[in-house]
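K.L.:
Whatever this is, show me its structure:
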Amino acid sequence: MLRAFGDEVTLLLGGAQTGGKLSLWTEVVPPGGGPPPHRHLREDEWFIVQEGTFSFFVSGEWRELGPGGAAFMPRESVHTFKNTGSTPGKLLIGTSPAGFETFFGRCAEEFSRESGPDMGRIMVIAGEHGIEFEPTA
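P.N.:
As a prediction, this is how the structure comes out:
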């Protein structure tokens, strides 16, 4: 299990198992949790809600989904998600091609540091993996 950004990730399939074609993992997200708006320059990403209620933002619109709901985020689209429930929620997430698992693993190493993560380093790691965060106003 990997821990970063307040989430717990269990990798199910990575590039090593899929010939680089896709990554698949479960992610437990605390209430109110979710990433800032961002885009992946390399991967398409999809989500299936397994437990809880989540709101997903893509193409300028928010959609709320419960268990069994699915969302697709095409590469280069600005997107995010948020656990809108009052308990931890669980997502099944995939990316194609593989590689996102390496980004998350590197971030988990930063978050495990006794002094806490160096967010500047997190931004460098994100850039190295083709992930761009949207500026906030």
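K.L.:
so what's the residue nearest the centre of the chain up against?
P.N.:
Residue closest to the mean C-alpha point of the chain, counted by Cα atoms, centre = their mean, is Pro35 at 7.0 Å. Each residue near Pro35 by Cβ atoms under 8 Å, 6 or more residues apart in numbering is listed here: 5, 80-81. For the C-beta atoms, the positions are set from N, CA and C on the backbone; glycine is no exception.
K.L.:
any idea how far it is from Trp62?
P.N.:
15 Å (Cβ to Cβ, to the nearest Å).
K.L.:
now swap in Glu132 and tell me
P.N.:
Separation of Glu132 from Trp62 (Cβ to Cβ) stands at 20 Å.
K.L.:
swap in Phe111?
P.N.:
Separation of Phe111 from Trp62 (Cβ to Cβ) stands at 27 Å.
K.L.:
same question, Leu41
P.N.:
23 Å.
K.L.:
swap in Leu24?
P.N.:
Distance of Leu24 to Trp62, given as Cβ to Cβ: 25 Å.
K.L.:
Report the buried residues of the longest helix anywhere in the chain.
P.N.:
The longest helix of the chain (DSSP state H) is helix 100-111. Buried residues in helix 100-111, defined by neighbour count with 16 or more other Cβ atoms under 10 Å: 100-101, 103-104, 106-108, 110-111.
K.L.:
Which other helices and strands does the helix or strand following that helix contact?
P.N.:
Next along the chain after helix 100-111, taking DSSP states H and E as the criterion, comes helix 119-128. The elements that helix 119-128 packs onto, with contact taken as 3 or more Cβ pairs under 8 Å, 6 or more residues apart in numbering; DSSP states H and E, are helix 100-111, strand 131-133.
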